[in-house]
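Undergrad: Output the structure for:
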Amino acid sequence: MGSTTFRKIAQERGLEPDECYCLGQKKEFPDIAIEVVLSSGIVNKLDIYRGLGVTEVWQWESGAFKIYQLRAAGYDCVETSQLLPGCDIKQLASYVQPENQFDAVMEFRDWLRSRQA
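TA: The predicted model follows:
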């Protein structure tokens, strides 16, 4: 879904993630939202994501991902994705290279294919 603005009028909430994804089928709100943090954290955005019902929020900061998983009481920071349990988050982070995005995507694709062989 890219960087789409989401709003939930009934709760007057809205924001625009840097990237977001629906798993399985397109939905009103994404399953995973990715926030790239350059200057300040996403703590106040987590309340908005909670109101929208986004299952996981991934934060990219300082060369690593943090995964926040929606629970009844709010988001908990967890080690692995519930939605993508086989995703090696540290390995994925090693391929995030904004200055060389195309080559990084191709290298990550090759790494994924080598695991399936």
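Undergrad: tell me the domain boundaries of the chain?
TA: Structural domains annotated on the chain: 1-80, 87-117, as defined by automatic domain parsing.
Undergrad: most neighbours per residue, which of those domains?
TA: Sort those by mean neighbour count, taking mean count of other Cβ atoms under 10 Å, and domain 1-80 sits at the top with a mean of 15. Backbone N, C-alpha and C define where each C-beta goes, glycine included.
Undergrad: what's the offset of that domain from the middle of its chain?
TA: Computed by Cα atoms, centre = their mean, to the nearest Å, the separation of domain 1-80 from the middle of its chain amounts to 6 Å.
Undergrad: What mean pLDDT does that domain get?
TA: Averaging the model's pLDDT scores along domain 1-80 yields 81.
Undergrad: Strands of the chain, start to end?
TA: Remark: strands of the chain, listed N- to C-terminal, are 6-8, 13-15, 19-21, 32-36, 56-61, 64-71, 74-78; assignment by DSSP state E.
Undergrad: what's in contact with stretch 105-117?
TA: Gln91, Leu92, Tyr95 (Cβ atoms under 8 Å, 6 or more residues apart in numbering).
Undergrad: just stretch 53-62 next, same as before
TA: With Cβ under 8 Å, 6+ apart as the test, stretch 53-62 has contacts from 17-18, 20, 29-37, 41-42, 45-46, 49, 65-70, 75, 81-83, 93, 96.
Undergrad: ok, now stretch 28-38?
TA: With Cβ under 8 Å, 6+ apart as the test, stretch 28-38 has contacts from 1, 6, 8, 17-23, 42, 45, 49, 52-61, 81, 83-84.
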